[in-house]
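[1] fold the stuff below for me.
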Amino acid sequence: MTPQIIAPFGALADDLWNTVDAIPASGRVLFAAHKSWPRPTDPLMSAWNALNCIREWRGDTHFGILLNDNIGVVEAGLLHDAWMGYPKEWIPRSRGADDAEIIAALDNLSSRGFVTDGVVNDEGVAYREDLERRTDVLCEIPWRHFGEKNTGELLSILEPVGERYVQHINENAGDNWMPAARPRRR
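    Below is the predicted model of the structure:
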C-alpha cells in the first residue's frame, strides 16, 4: 500500500462500514459473504474490507442483470471483450473456456442478434454498454448513502495510486490483465 494513502483512507472506514450496513444484502451472495467476515480493528484494513464489500455489491448486481438477461459467463466475456476493445475471445480464453464453449456462446449471442460472422457486432456492444448503464443506475445506492463529499475524497485518495498500479501491471503482465480496472479502448 502506498504510505500517503494509509491515514486518509483509513479515516473513511466508519463511513464505509455505515454504507455497507445500510445497503440490502438480498440476492447479493458475495457481498453478504464479505460483509460477514470479522471487521479488522486496523483502520486501513477496515476501510479496505468495507470498500471490497461495496465492490462485491456491484459485482453481484452486475451478475444479477446478466442472470436476468440469460447471459452466461462465456457470453459475458465475449461481450466484454468487444465492449472493451480486447482481442477476440481473450477474456473467455483467459478464464479457461474451450472451443466448444466459445462456439456455443457465439451461437447463443448470434441468435440474439449480437454476433455476425463469429464476431460481436454493434448490437452486442450496445447491449454491453446498456448492461453497464443499468448496473451503474442500480449501484448508485451505496454511493448516495456514502455521500458526494466522501465519494470525492475517496476517489482523490485512490485514483492516483490505482493508475500507478495499473501501469505496473501493464509493464509486468501486459495491458489486458485486470479488465475491470481499465477504461474502454473502443
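[2] next, count neighbours for residue 90.
    16 (other CB atoms under 10 Å). Using the backbone N, CA and C atoms, a C-beta is placed for each residue, glycine as well.
[3] just use 18 as the starting number from now, easier for me
    Okay, residue one is now 18; in that scheme the one you just asked about reads as residue 107.
[4] so for the residue lying closest to it once chain neighbours are set aside, what's the pLDDT?
    Closest residue to residue 107 apart from its sequence neighbours, by CB to CB, 6 or more residues apart in numbering: residue 98 at 5.4 Å. At residue 98, the model reports a pLDDT of 93.
[5] what sits against residue 98?
    If you count contacts by CB atoms under 8 Å, 6 or more residues apart in numbering, residue 98 has them with 104-109, 137.
[6] ok, now residue 81?
    Contacts of residue 81 by CB under 8 Å, 6+ apart are 44-45.
[7] would you confirm that it belongs to a strand?
    No - assessed with DSSP: H, G, I helix; E, B strand; the rest coil, residue 81 is helix; it does not lie in a strand.
[8] and the helices in this protein?
    Taking DSSP state H as the criterion, the chain carries its helices at 20-27, 30-39, 46-53, 60-85, 90-101, 107-111, 116-128, 139-155, 157-163, 165-190.
[9] weakest of the ones you listed in terms of mean pLDDT?
    Among these, helix 165-190 carries the lowest mean pLDDT, at a mean of 87.
[10] in that one, which residues are buried?
    By 16 or more other CB atoms under 10 Å, the buried positions in helix 165-190 come out as 167, 170-171, 174-175, 183, 186.
[11] that helix - contacts with which helices or strands?
    For helix 165-190, the helices and strands in contact under the criterion 3 or more CB pairs under 8 Å, 6 or more residues apart in numbering; DSSP states H and E are helix 20-27.
[12] for the helix it packs on, packing partners?
    Contacts defined by 3+ CB pairs under 8 Å, 6+ apart place helix 20-27 against helix 60-85, helix 165-190.
[13] ok, and for the first one, which residues are buried?
    Counting neighbours by 16+ other CB under 10 Å, one finds that the buried residues in helix 60-85 are 60-61, 63-80, 83.
[14] quick check, pLDDT for the residue lying farthest from the centre of the chain.
    Computed with CA atoms, centre = their mean, the residue of the chain farthest from its C-alpha average is residue 134, at 28.8 Å. In this prediction, residue 134 carries a pLDDT score of 96.
[15] just the C-alphas of stretch 61-68, formatted as CSV.
    Only the C-alpha atoms of stretch 61-68 are listed here, as CSV (Å, rounded to 0.1, in the frame of the first residue of the first chain):
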residue,chain,number,x,y,z
LEU,A,61,-6.7,0.8,6.8
MET,A,62,-7.7,-2.8,6.7
SER,A,63,-11.1,-2.0,7.9
ALA,A,64,-11.6,0.6,5.1
TRP,A,65,-10.2,-1.9,2.6
ASN,A,66,-12.6,-4.6,3.6
ALA,A,67,-15.6,-2.3,3.7
LEU,A,68,-14.8,-0.9,0.2
